[in-house]
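With the sequence up front, the predicted model follows.
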Amino acid sequence: MGAIRTIGVIGGGAWGTALALTAARSGSDVRLWARDPGIVSDIRSRRQNSRYLPGITFDEDLNATTSLEDVAGADALLLVTPAQTTRAMLAALKKTGRAQGPVVLCAKGIEQTSGKLLSKVLSEELPGAEAAVLSGPSFADDVARGLPTAVTVAASSAKTALSLCESMQSPCFRPYASIDILGAQIGGALKNVLAIACGAVVGRKLGASAQAALTARGFAELSRLGTAMGAQSETLTGLSGLGDLVLTCSSSQSRNFSFGLRLGEGFMASELISAGGKLAEGAYSARVAVKLGQKHDIDVPICETVARMIDEDLSIDDALNTLMARPLKPESEVV
Ligand SMILES: NC(=O)C1=CN([C@@H]2O[C@H](COP(=O)(O)OP(=O)(O)OC[C@H]3O[C@@H](n4cnc5c(N)ncnc54)[C@H](OP(=O)(O)O)[C@@H]3O)[C@@H](O)[C@H]2O)C=CC1
Ligand SMILES: O=C(CO)COP(=O)(O)O
C-alpha cells in the first residue's frame with residue numbers, strides 16, 4: 001500500500017463530517033458523500049453541518065457530494081454511516097465498481113440480524129477490500145472543533161495502518177496504528193451498551209460509586225468477551241477499549257449515555273425508540289452482545305440487563321435488583 005493522498009468519506013452525519021475535517025487538516029484530498037442534498041449544500045455553501053454539528057463553522061472547505069461514484073475511487077474510504085446500514089452501503093459501493101483502496105470501518109456496532117462484526121460484513125460484500133477500523137475516545141463535536149484527540153487505527157497490515165495514520169494525523173488528531181481489527185471493533189461496539197447502563201445509573205441518581213463499579217465490571221465483560229473472540233488484550237486496555245469505555249460511561253455528551261440517562265429517569269426504552277431522536281448504537285448491539293456471550297460461553301450480565309431494558313422494558317429498579325442479586329463470585333479468575 002503506497003501513500004494515501006485521496007480520502008473518500010461516506011456518511012454526512014456528525015462523525016463523517018468530523019473525520020472529513022480531520023483528513024482535510026492532515027493535508028489529504030477529501031471527498032465527503034452524504035445522501036441528503038440539504039447537508040451537502042449546507043457544507044458547501046456555509047461550511048457548516050448545522051443538523052449534526054450545530055454551532056460549528058469549519059475553516060476547511062469540504063468537497064461534499066451526493067454522488068457515490070465521486071468518492072468511491074479514492075485511495076482509502078472511511079465508512080461512517082450507522083452500523084446497521086453497513087451492508088447496504090457496501091453493496092452500493094460495489095455497484096460503482098470503483099472501490100479499490102482499504103475500507104476503514106468507523107461505525108461502532110455489530111450487525112444485528114447476523115451477529116457479524118462489520119469486518120466480516122465487508123469481506124462478504126466487497127471481497128478483496130482490505131479492512132481497517134478507526135475507533136477510540138472521540139466525540140465528533142470535539143474533533144470538529146479541533147480539540148486534542150487520540151484514536152486507534154487498525155488494519156490487517158501494519159503498512160496500511162501506518163499509511164492511514166499518516167493521512168489522518170494533525171496537531172490535534174493523533175492516530176495510533178494497530179493490526180488488531182477484531183479488538184478495535186469489539187471495544188467500540190460493547191462500550192456503547194455499557195454506556196447505556198452507566199447513564200441509567202446516573203439518571204436514577206444511584207451515585208458515583210455505583211457508576212464507577214459498573215464501569216469497572218463493564219470493562220471485565222468487555223475484556224472477557226473480547227478475549228474469547230480473539231482480541232488482543234493490549235487493544236482492549238487501549239484507546240478503542242478502555243479509553244472509549246471511560247469516555248462514554250462518564251459523559252452526557254455521549255448519545256448512548258444520554259439514552260441510558262433517560263431510562264434511569266423512568267422512561268421506557270420503547271417510548272424513547274419510538275420517539276426517534278439521536279442515534280444510540282448500543283440499543284442495537286445489546287442483544288447481539290448477549291448472543292455472542294452465549295456463543296463463546298462468556299457471562300455478560302450488564303449487557304444482558306441492558307438488552308432486557310431495551311427488549312422487555314425492564315425498569316431501572318428491576319435491572320438494579322437483578323444485577324445486585326447475582327450470586328457472589330471472584331472478581332477475577334485468579335482467586
Ligand atoms: N458522533 C460521534 O461522536 C461518533 C460516532 N461514531 C460512530 O459513527 C457512526 C455514525 O455516527 P454519527 O455520524 O455520529 O451519526 P449521525 O446520526 O450524526 O449521522 C448518521 C449519518 O448516517 C446517514 N445515514 C443513516 N442511515 C443511512 C442509510 N441507510 N444510508 C446512508 N446514510 C445513512 C445519515 O443520513 P441522513 O441525515 O440522510 O439520515 C447521517 O448522515 C456510528 O456507528 C457511531 O457509533 C464513532 C465515533 C464518534
Ligand atoms: O463513540 C463515541 C465517542 O468515542 C460517541 O459516543 P456516542 O455514540 O454515545 O455519542
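Ah, there it is. The model shown is predicted, which means the values in this text are computed figures rather than measured ones. Ligands and ions are numbered 1, 2, ... in the order given.

Does L77 belong to a helix, a strand or coil?
strand (DSSP: H, G, I helix; E, B strand; the rest coil).

Confirm for me that it is in contact with R98.
No - applying Cβ atoms under 8 Å as the test, L77 and R98 come out as separate, 9.8 Å apart. For every residue, glycine as well, the C-beta is placed using N, CA and C.

out of those two, which sits in the busier spot?
L77 (30 against 16; other Cβ atoms under 10 Å).

partners of that one in the sheet?
The partner list for L77 in beta bridges (DSSP bridges) reads G8, V103.

The stretch 51-200 of the chain: helices as residue ranges?
For the stretch 51-200 of the chain, the helices defined by DSSP state H, counting those that start in this stretch occupy 68-72, 86-96, 118-125, 140-144, 158-168, 181-203.

Now those in TSV, please, with extra columns for mean pLDDT, distance to ligand 2 and mean neighbour count.
Formatted as TSV, those follow (pLDDT from 0 to 100; distance: least, Cβ to the nearest ligand atom, whole Å; neighbours: other Cβ atoms under 10 Å):
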stretch	mean pLDDT	distance to ligand 2	mean neighbour count
helix 68-72	97	23	19
helix 86-96	98	15	18
helix 118-125	98	14	19
helix 140-144	98	7	20
helix 158-168	97	15	21
helix 181-203	97	6	29
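
Spit out the contact partners of the nearest residue to G73 once chain neighbours are set aside.
Sequence neighbours aside, R98 is the residue nearest to G73 in space, at 4.1 Å (criterion: Cβ to Cβ, 6 or more residues apart in numbering). Each residue near R98 by Cβ atoms under 8 Å, 6 or more residues apart in numbering is listed here: E69, A72, G73.

and with 10 Å instead?
For R98, the contacting residues are G8, L68, E69, D70, V71, A72, G73, A74, L77, by Cβ atoms under 10 Å, 6 or more residues apart in numbering.

Is it correct that A307 is in contact with A283?
Yes - in this structure, A307 is within contact of A283 by Cβ atoms under 10 Å, at 9.4 Å.

Mind listing the shared neighbours of the two?
Common neighbours of A307 and A283 (criterion: Cβ under 10 Å, 6+ apart): V193, I196, A269.

Correct me if wrong: the first one contacts C303.
Yes - here V193 reaches C303: they are 5.1 Å apart, a contact under Cβ under 10 Å.

list the residues that contact both of these two?
G218, E221, L222, G282, S285, A286, R287, V288, A289, V290.

where along this protein do the strands fall?
With strands called from DSSP state E, the chain shows them at 6-10, 29-33, 63-65, 76-79, 103-105, 131-135, 149-155, 173-178.

can you redo these as JSON lines with distance to ligand 1 and mean pLDDT?
Shown next, in JSON lines, are those (distance: least, Cβ to the nearest ligand atom, whole Å; pLDDT from 0 to 100):
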{"stretch": "strand 6-10", "distance to ligand 1": "8", "mean pLDDT": "98"}
{"stretch": "strand 29-33", "distance to ligand 1": "9", "mean pLDDT": "98"}
{"stretch": "strand 63-65", "distance to ligand 1": "11", "mean pLDDT": "97"}
{"stretch": "strand 76-79", "distance to ligand 1": "9", "mean pLDDT": "98"}
{"stretch": "strand 103-105", "distance to ligand 1": "9", "mean pLDDT": "98"}
{"stretch": "strand 131-135", "distance to ligand 1": "7", "mean pLDDT": "98"}
{"stretch": "strand 149-155", "distance to ligand 1": "8", "mean pLDDT": "98"}
{"stretch": "strand 173-178", "distance to ligand 1": "13", "mean pLDDT": "98"}
